[in-house]
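Peer 1: Could you look at this predicted model? Sequence included:
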Protein chains: 2
Amino acid sequence: MGTSDNSGKTTHMTRRALLGTGAIAGVAATLGGPGAAAPRAMPDSWDEEVDVVVIGSGFAGLAAAHEAQKAGASVALLEKMQVPGGNSIINGGVMAVAGSDQQAEMGIEDSADVMLADMLKAGLDLNHVALARTVAEHSVDVYRWTVDELEVEYKDRLTHMGGHAVPRAYSTSNGSGSGIIVQQLAKLKELGIEPRTRTLLKHIIRDGDGRVKGVEVREKHAFRDPESGDPRTIKARKAVILATGGFGNDPAFRMMQDPRLTDELDTTNQPGATSEALREAINIGGILIQPSWIQLGPWTSPDEKGMGMAPSFVQGTTASYGVWINTETGERFVNELADRKIRADAIIATGNKAIAIADATGFKYAKGRGTKVDRMLEAGVLTEYATLEDMAAAHDVPLEPLKATIKRFNTSVDAGEDSDMGRYLQADQFKLVDGPYYAVRLLPKVHHTMGGIGINAETQALDVVTGDPISGLYVAGEAAGGVHGASRLGSCATTECLVFGRIAGQNAAAEENWG
Amino acid sequence: MGTSDNSGKTTHMTRRALLGTGAIAGVAATLGGPGAAAPRAMPDSWDEEVDVVVIGSGFAGLAAAHEAQKAGASVALLEKMQVPGGNSIINGGVMAVAGSDQQAEMGIEDSADVMLADMLKAGLDLNHVALARTVAEHSVDVYRWTVDELEVEYKDRLTHMGGHAVPRAYSTSNGSGSGIIVQQLAKLKELGIEPRTRTLLKHIIRDGDGRVKGVEVREKHAFRDPESGDPRTIKARKAVILATGGFGNDPAFRMMQDPRLTDELDTTNQPGATSEALREAINIGGILIQPSWIQLGPWTSPDEKGMGMAPSFVQGTTASYGVWINTETGERFVNELADRKIRADAIIATGNKAIAIADATGFKYAKGRGTKVDRMLEAGVLTEYATLEDMAAAHDVPLEPLKATIKRFNTSVDAGEDSDMGRYLQADQFKLVDGPYYAVRLLPKVHHTMGGIGINAETQALDVVTGDPISGLYVAGEAAGGVHGASRLGSCATTECLVFGRIAGQNAAAEENWG
C-alpha cells in the first residue's frame, strides 16, 4: 500500500454508474450495496469468543489492542486491508506534545491549556472541549509511552507546525507514521497479537437489551467487493472497539455531507478510508457528529496521485521562501502560512488556478533539507523555468501583474513586513530574484474527516436516542467525531489516536464480562 | 402557543442538571431519557390501521395529509403538541416563488434557475442540488395550489428579500404563516381529517425486511415528559411521512453538532422544535445529513423571549435606514443587509456587543409602516434617548468613535455609496441627524436547522447503510436535510415545506399496500 494507490476509484465509479435511481438528489450515493439496514439479530451460536474485538489497525486500533491485552483481556485485532497500518502508516509521523522535557530544555513554555487553545482556535470553537482537552492533557504521557513502551525513535528537533503557538511536534526518525506503526506491530507480536488482515467488519451485533455483544465479519475479504469473504461471528465478551478511521476516500458518503467533494477530487488517504464501518455504527444506534467538516490538504498537486511529493516542497519551501500565485490575476491570494482550512478554501476560490513558486535560492534550500526535488522534476510535479517570463507563459499568468507581485514581495522582505498578506517572515528570508524559477500546480485533496461517532472522554460511543453510552462499544481515532471541530490542527491526530486508543483498550478490558 | 413561549427551557435544564455522567465531553447531552435504542419489533397486533401516517402538522405535514387523502388514502395525522401548526404557524408567512404572473406584470424577469442560483449561493454550494432545484421548479405550482385549493390570501406587493436576486416573495395577508396553516386545517377538515394533538411519535417500526410498517405513539401525551401518555400502535399500510420539523429548540442535540449553541442561547422556534423524531428516524437507519449547519437569526433581541418584536424594527428599519454599532468600538461591523449567516456571525464576533440604531426619522418611518414601536418601547426592547450622548452613555459606547461613524455614514449617504460597508443604499436614504435616537440590543437566536434526514427528490428517506430509499418512509420539511446547504435563504422554507409535503403525500398514497 502506498500513498498514491488510488486505483479503487475506478471500481467505485463503475458501480455507481450502474445504479442511479435511488441516488440522493444531485449526489451519486450508492454506499454499501443492496440489503436492508436492520441490525443483525444475535446468532444462535458464535464461531469464536474473545474479550475484546478491535476493528482497525492504525495508531488507535493498535494502541487499543496493546492496552487491552496488557490488562489481561484476550483480543481479536481485525483489519480489512491486505496490510495493517491504515492511514497512520502513511502519515507524516509528527505528534503534538505539550509540556515535554525537550521543550523545557529549549526554554519553550507550553502546557495542555495552550495546546487546547490552539486546537479550539483551528476548530472554530466547534470542538467538543472535553475531548480536545483529553488529547492535550495526555500528550506528554502518550509520548513517553511511545518511547518507553514502544521504543519509537524521534528526531532531536521539535517542529513548529502551522497553527501551534510554540514548537511542540516530535517527528519520527524516518519521517513517517510507519516509525510508530512498525513499533506498535512489533510489540503486539511480542504480546501474542497479530492483525488478522483481509477481515471486514460486516455487522456490529447489538442485542435487544441495548448491549453490543459481538461482530459479524468476512474473512479472506477482497477489498472493493463488500460481499466477498467467508462469514464468521465473533463474540466480544467485554467490548468492541471501532478504530476504523475516516471516510476521506469514500466519495459517495463524503458528498452526502459536502456535495462539492465529488469523486473528481483526489485524496491523500489510503484506499481503505471508506465509510462502511461508520455507517454500521450509526445503523446500530451510534450518533453521527459534525460530518460536514472535512479537511482538505492545501499542499497537494493535481500532477500526481494521493499525497505525493508536492507537500514537502510546497509546504517546506514555497510557503516560507516563495509565494503562491493566482494564475488568472498574477497576484498572491492567501497568507501561505495560514491554517489548512483557510489556504484550501482560498485555492478553491481561485477556481483551482493556483501555483506555488520558488526561485533558484529556494530550490537550493529545498535540496539542502532533503526535499526530493529531482524526483519531482522527473515526475513533472515540479517544473523549472529559466525566467519569470517563461513561467508566466507556461501557466497563462499575466506577466506585468506577476512582476509587480514579486516586486512588492521583495519590498516587503526589505521592510521586514509582508504588506500584501501579513505572512510571518523568516529570520533568513530572501528575495525572489534569481532564475531559474520553479512551480508546482496546487489542487487541494481530501485529507481528514473531522466528523464521526459521538463519544465521551472515556471513548464510549453515545446512543442517538438516549445520548447515553452504548454498552460494549468504544470508538477511537478518526472514526470518532468532535475532537477537532471544524478543522484539525496538523500533528494533533497522531496524539489523539494514541491517547484515545489507549483509553479505549483500558476501558474495554475493564468491562464486565456479559457471558 | 406563541413565539415567546419558551418556558420549556427550565425543565430541560433541570433534567440535564440531574444527569451528568454519560454526557458527551463538554456537552450536556441527555437527549431522550433512559432505555436501549434497539428499534421496536413488529407488534403482535396493531391498535389501528390506516394507509398513511403523517407525523407533524406544520406546512409539510398538512400538505402531505391533504395530498394523500385527495389521492384516496386513509390518513392519520399526528401532532405531539396541544395545538397544530408547529413552527409554521408562527413563521413570517413569506413564500419565494420564481416566475409568477405577478412578477411578469411588474416586469421582473425570474426563473427557477435564478432562484436555484440564489439558494446555492446562500448555501455555500453545500446544497443537494436536485432538492433545491425541485423547490425552485415547483414554486409557481405550489403558490397556485395555495390560492386555488387552499384559498390563501396574499398581499398585493411582492417583497425583495435579502439574498434574492429579484423581488419574488409573496406575503400572506395577515403577515404570518398562520395565514396558510389556518386554511390548510380548514380544507383538511372538509376532507375529514383533523390533527390528533398530544400524540407523540415514540417509535418507527421497521420490519426485518427493511420496510417501515407503522408507528408506536403515545396519546394524551404531556409535552416535556417523554414517557407520558397511553401507548398505541398504528399500522401504516402504505407509508409513514415524517414532517416533524427541526431541532432548533433542543439544546442538547444541537450542541452535539455545534457546541457553541448552549441552552443559554434563545431560539425563535416553538417549544416543540425538538429532536426526538429525527433521532428515532436515524435509529431505524435514516442517514443524517449536514447537521452542523444551524442558522441563527441576526435580528433578535436579548430583552425579550423567542422571535419577539425586535425583528420588524431591526430588519425593517435599522438595516435599511439606520446602522448597527459594535458598542465596544463605536463602529459599524457588518453590512446590515448581508445574509443571515454573515450578520449573525458578525454579531457573535463582537462578543454580542452590538446595537441596532435609528434616529427620529427612522422611528417615524417604522411607525408609518405599522411596526409596533410603542409596544416595543413599553416592553423595554426598544429604548429612546434624547441625544447620541445619552445613547452612548447608556450602552457604554465610546462617544467620539460613534460620532465619527455616524458622520462617515452621513457622508456616504451624500455620496450615494456606503464607503464603510458597501451596503445597498435606498432611493430615499436619509442621514442620521435628528434626535431622539432609538436602540435595540442585538443577540442572535437559533432559527433553522438545515440538517436532517437525507432524502431524494421524491422525499424518500435514504438508508445509512445502503444509500437506497427506506421502503415506506418519507421525510419532508425541516426534518429533511440538504435542501439549503450551509444557510437557508429567507422565504424559501415555506415553499420547500409545501412542495415536499405535497410530493410526500402523493408518493405515499401511490405506494403498494403491504398488508
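Peer 2: Thanks, I have the structure now.

Peer 1: Please make it C-alpha for all contacts and neighbour counts, starting now.
Peer 2: Fine.

Peer 1: Please, which helix or strand holds the residue nearest to residue A:142 when sequence neighbours are not counted?
Peer 2: Leaving aside its sequence neighbours, residue A:142 sits nearest to residue A:499 (C-alpha to C-alpha, 6 or more residues apart in numbering or on different chains; 6.2 Å). Remark: residue A:499 resides in helix A:492-509, with elements defined by DSSP states H and E.

Peer 1: Ok, residue A:342 next?
Peer 2: Going by DSSP H and E, residue A:342 is part of helix A:340-349.

Peer 1: One more: residue A:447?
Peer 2: strand A:445-449.

Peer 1: How about the residues of the stretch 151-300 of chain A by chain B?
Peer 2: A:206-210, A:256-260, A:276, A:279-280, A:282-285, A:288-292 (C-alpha under 8 Å from any C-alpha of the partner chain).

Peer 1: What about these, which are in helices?
Peer 2: A:256-257, A:276, A:279-280, A:282-283 (DSSP state H).

Peer 1: List just the nearest of these to residue A:242.
Peer 2: residue A:280 (10.5 Å; C-alpha to C-alpha).

Peer 1: ok, that closest one - how many residues close by?
Peer 2: Number of residues near residue A:280 (other C-alpha atoms under 10 Å in any protein chain shown) recorded here: 22.

Peer 1: follow-up on the earlier one: what about the strand holding residue A:447 and chain B, touching?
Peer 2: No. Counting by C-alpha under 8 Å from any C-alpha, chain B has no neighbours in strand A:445-449; the shortest distance is 13.2 Å.

Peer 1: same for that strand, what does it pack against?
Peer 2: strand A:294-297 (3 or more C-alpha pairs under 8 Å, 6 or more residues apart in numbering or on different chains; DSSP states H and E).

Peer 1: in chain A, which ranges drop under the pLDDT threshold?
Peer 2: Low-confidence segments of chain A (pLDDT under 70): A:1-40.

Peer 1: circling back to that earlier point, quick check: next helix or strand after the helix holding residue A:342?
Peer 2: Toward the C-terminus from helix A:340-349 - assigned by DSSP H and E - lies strand A:354-358.

Peer 1: Run through the neighbouring helices and strands of that following strand.
Peer 2: Counting by 3+ C-alpha pairs under 8 Å, 6+ apart, strand A:354-358 packs on strand A:323-326, strand A:437-441.

Peer 1: Can I get the helix holding residue A:499 as PDB, trimmed to CA atoms?
Peer 2: Provided in PDB are the C-alpha atoms of helix A:492-509 (Å, rounded to 0.1, in the frame of the first residue of the first chain):
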ATOM      1  CA  CYS A 492      -2.700  16.500  16.700                       C
ATOM      2  CA  ALA A 493      -4.200  13.400  15.100                       C
ATOM      3  CA  THR A 494      -1.300  11.200  16.000                       C
ATOM      4  CA  THR A 495      -1.600  12.300  19.600                       C
ATOM      5  CA  GLU A 496      -5.400  11.900  19.500                       C
ATOM      6  CA  CYS A 497      -5.300   8.400  18.000                       C
ATOM      7  CA  LEU A 498      -2.700   7.100  20.500                       C
ATOM      8  CA  VAL A 499      -4.400   8.700  23.500                       C
ATOM      9  CA  PHE A 500      -7.900   7.600  22.800                       C
ATOM     10  CA  GLY A 501      -6.800   4.200  21.500                       C
ATOM     11  CA  ARG A 502      -5.100   3.500  24.800                       C
ATOM     12  CA  ILE A 503      -8.100   4.800  26.800                       C
ATOM     13  CA  ALA A 504     -10.400   2.600  24.800                       C
ATOM     14  CA  GLY A 505      -8.300  -0.500  25.300                       C
ATOM     15  CA  GLN A 506      -8.000   0.000  29.000                       C
ATOM     16  CA  ASN A 507     -11.700   0.700  29.400                       C
ATOM     17  CA  ALA A 508     -12.700  -2.200  27.300                       C
ATOM     18  CA  ALA A 509     -10.600  -4.600  29.300                       C
END
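
Peer 1: what angle do it and strand A:445-449 make?
Peer 2: Here helix A:492-509 points in a direction 30 degrees away from that of strand A:445-449 (axes from the mean of the first three to the mean of the last three C-alpha atoms, to 10 degrees).

Peer 1: List the buried residues for the helix holding residue A:342?
Peer 2: A:340-347 (16 or more other C-alpha atoms under 10 Å in any protein chain shown).

Peer 1: counting contacts, what elements does that helix pack onto?
Peer 2: Counting by 3+ C-alpha pairs under 8 Å, 6+ apart, the packing neighbours recorded for helix A:340-349 are strand A:294-297.

Peer 1: Off-centre distance for the next helix or strand after the strand it packs on?
Peer 2: Downstream of strand A:294-297, the next assigned helix or strand under DSSP H and E is helix A:310-313. Centre-to-centre, helix A:310-313 and its host chain are 17 Å apart (C-alpha atoms, centre = their mean, to the nearest Å).

Peer 1: residues making contact with the next helix or strand after helix A:310-313?
Peer 2: Next in sequence after helix A:310-313, counting helices and strands by DSSP H and E, comes helix A:319-321. The contact list for helix A:319-321, computed with C-alpha atoms under 8 Å, 6 or more residues apart in numbering or on different chains, reads A:336-337, A:356, A:358, A:362, A:425-426, A:429-430.

Peer 1: Okay, and which of the residues you listed map to helices?
Peer 2: Among these, the residues falling in helices (DSSP H) are residue A:362.

Peer 1: Now do the helix holding residue A:342 against strand A:445-449: the angle between them, please.
Peer 2: Following the same axes, to 10 degrees, one obtains 150 degrees for the angle between helix A:340-349 and strand A:445-449.

Peer 1: Report the distance from stretch A:384-403 to the chain centre.
Peer 2: For stretch A:384-403, the distance to the chain centre is 35 Å (C-alpha atoms, centre = their mean).

Peer 1: before we move on, back to that, convert the helix holding residue A:342 to PDB, retaining C-alpha atoms only.
Peer 2: Taking C-alpha atoms only, helix A:340-349 is exported to PDB below (Å, rounded to 0.1, in the frame of the first residue of the first chain):
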ATOM      1  CA  ARG A 340      -5.100  24.400   6.200                       C
ATOM      2  CA  LYS A 341      -8.700  25.400   6.000                       C
ATOM      3  CA  ILE A 342      -8.000  29.000   5.100                       C
ATOM      4  CA  ARG A 343      -5.500  28.000   2.500                       C
ATOM      5  CA  ALA A 344      -7.600  25.200   0.900                       C
ATOM      6  CA  ASP A 345     -10.600  27.500   0.800                       C
ATOM      7  CA  ALA A 346      -8.500  30.200  -0.800                       C
ATOM      8  CA  ILE A 347      -7.200  27.900  -3.500                       C
ATOM      9  CA  ILE A 348     -10.700  26.600  -4.300                       C
ATOM     10  CA  ALA A 349     -11.800  30.300  -4.500                       C
END
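
Peer 1: Which residue ranges of the stretch 101-250 of chain A form strands?
Peer 2: Counting by DSSP state E, counting those that start in this stretch, the stretch 101-250 of chain A has strands at residues A:169-171, A:200-206, A:212-219, A:230-242.

Peer 1: Could I get the full set of helices for the stretch 1-150 of chain A?
Peer 2: A:8-18, A:59-70, A:101-106, A:112-122, A:129-137, A:139-148 (DSSP state H, counting those that start in this stretch).

Peer 1: just the stretch 351-500 of chain A next, same as before
Peer 2: A:360-368, A:373-379, A:388-394, A:399-415, A:492-509.

Peer 1: Is it possible to get CSV of the ones you listed that adds distance to residue B:111 and mean neighbour count?
Peer 2: Output for the helices of the stretch 351-500 of chain A, formatted as CSV (distance: least, C-alpha to C-alpha, whole Å; neighbours: other C-alpha atoms under 10 Å in any protein chain shown):
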stretch, distance to residue B:111, mean neighbour count
helix A:360-368, 53, 18
helix A:373-379, 48, 14
helix A:388-394, 41, 16
helix A:399-415, 39, 17
helix A:492-509, 47, 27
